[in-house]
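**Student:** predicted model and sequence follow; I will ask about them next.
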Amino acid sequence: MRRLPACFAALLLLVCTAARPDTLRVAGNFPAQHSSSVAMKAFGEEVQAKSGGQLQVELFPAMQQGGAQDNVEQVRRGELFMTWVATAYLSRTVPEFSALSIPFLFTDRHKAFAVVDGSVGGLLGERLAAKGFVPLGFMELGPRQLTSQRPVRSMADFNGLKLRLQPDDIHLASFKALGATPVTMDIKEVYGALQSGALDAQENPFAVIRDRNFDKVQKYLANTSHFFDFIVLVANKQRFDALTPAQREIVKSAAAHAVSAQRTAAAAEDIGAIVELTNRGMSLEPVSPSLRTQMRKATEGVVDTVRQRAGKDLVEAVLAAAH
């Protein structure tokens, strides 16, 4: 059997290597039916179609690859190409993200997105890049609301309230300032803790409360809207940079389409989830203007903690952009 000349053998190897699809493993902790997971499914389909199959996306929603903090670390190490994750889970690695957790910072979603889509988002992107990540957009997780086993109608009702929070120091400081007893806990453990009475309360956007069936173990729902939360799409910088320029553009374009579609879906879902939760039997306890004012006042000092954690300049930029 004749051997190919070395130059032809090298060319054949190059062609075969170029033809081999690159698999992008993407994981998240949101349920498959959540608007973010639906949008990421469309992201994967677009990447595969636009790349002619050269980029294959394996999608793992619903904590199939571990919890949110696990996914962040897996992306940082390059074991996952990408994750979509709440900002609280990025703040441990990139503390500047705590600047978005100032209580009662955003009065509506339009102002919230104006902040992250502008210069503040650029500054946060620089911090992410320094830690080995590439930001690919901000989705909506939404205003966070309180559920409880007993009604919360006054500041006194927060005293000693045992509630689950995400692992964000600013979130914890905010509820301590309200007089509550906050604890961090993996989301998959929250239902059982509420059911057993180990927790009195938890807080999440309406759609997450619905998708996690917390209405079965919580009676009261209060529209506190104490934080507006984002879902950040982040990829491993080294793996992203290893893609061809055309492939990088395909990924960025698909991510932008996913973000846009999810924001639209999330806004509608937020309203629909309230209706469904009350239809399931939860009692909606609207927060009175006086209670909201008292909550704002009680948490005013938290911004100083945010300045220490995220940096004074960034916090001032966030505050200026949000008002």
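**Tutor:** Structure received.
**Student:** from here on, contacts and neighbour counts on C-alpha atoms
**Tutor:** OK.
**Student:** where are the low-confidence patches of the stretch 1-150 of the chain?
**Tutor:** For the stretch 1-150 of the chain, applying pLDDT under 70 flags the ranges 1-19.
**Student:** do a quick rundown of the strands in it.
**Tutor:** 22-28, 55-60, 82-86, 133-143, 145-148 (DSSP state E, counting those that start in this stretch).
**Student:** who does the next helix or strand after the shortest one pair up with?
**Tutor:** Same thing as strand 145-148. Under the assignment DSSP states H and E, the closest C-terminal helix or strand after strand 145-148 is strand 162-165. Taking DSSP bridges as the criterion, strand 162-165 forms sheet pairs with strand 181-184 (parallel), strand 201-204 (parallel).
**Student:** looking at those, which is nearest to Glu46?
**Tutor:** Nearest to Glu46 among the strands paired with strand 162-165 is strand 201-204; the distance by CA to CA comes to 30.0 Å.
**Student:** Glu46 touches Ala254, doesn't it?
**Tutor:** Yes - under the criterion of CA atoms under 8 Å, Glu46 makes contact with Ala254 at 6.0 Å.
**Student:** so what's the residue most central in space within the chain bridging to?
**Tutor:** Centrality entry for the chain: nearest residue to the mean C-alpha point is Ala86, 1.9 Å, by CA atoms, centre = their mean. Ala86 has these beta-bridge partners by DSSP bridges: Ile231.
**Student:** correct me if wrong: it contacts Phe230.
**Tutor:** Yes - with contact defined as CA under 8 Å, Ala86 counts as touching Phe230 (5.8 Å).
**Student:** what's the most buried one of the strands of the stretch 1-150 of the chain?
**Tutor:** strand 82-86 (a mean of 26; mean count of other CA atoms under 10 Å).
**Student:** off-centre distance for it?
**Tutor:** 6 Å (CA atoms, centre = their mean, to the nearest Å).
**Student:** okay, it in CSV with CA atoms only?
**Tutor:** Listed next in CSV are the C-alpha coordinates belonging to strand 82-86 (Å, rounded to 0.1, in the frame of the first residue of the first chain):
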residue,chain,number,x,y,z
MET,A,82,-21.5,28.4,29.1
THR,A,83,-24.1,28.8,31.8
TRP,A,84,-27.1,31.1,32.4
VAL,A,85,-27.3,32.0,36.1
ALA,A,86,-28.7,34.5,38.6
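**Student:** give me the contacts around that strand.
**Tutor:** 24-29, 36, 68, 71-72, 75, 141, 229-236 (CA atoms under 8 Å, 6 or more residues apart in numbering).
**Student:** ok, 6 Å please
**Tutor:** Applying CA atoms under 6 Å, 6 or more residues apart in numbering, the contact partners of strand 82-86 are 26-28, 75, 230-235.
**Student:** filter those to the buried ones?
**Tutor:** 26-28, 75, 230-235 (16 or more other CA atoms under 10 Å).
**Student:** ok, these vs Lys41, which is closest?
**Tutor:** Of all the buried ones among the contacts of strand 82-86, Lys41 sits closest to Val26, with 9.9 Å by CA to CA.
**Student:** buried stuff in stretch 189-199?
**Tutor:** By 16+ other CA under 10 Å, the buried positions in stretch 189-199 come out as 190-191, 193-194, 199.
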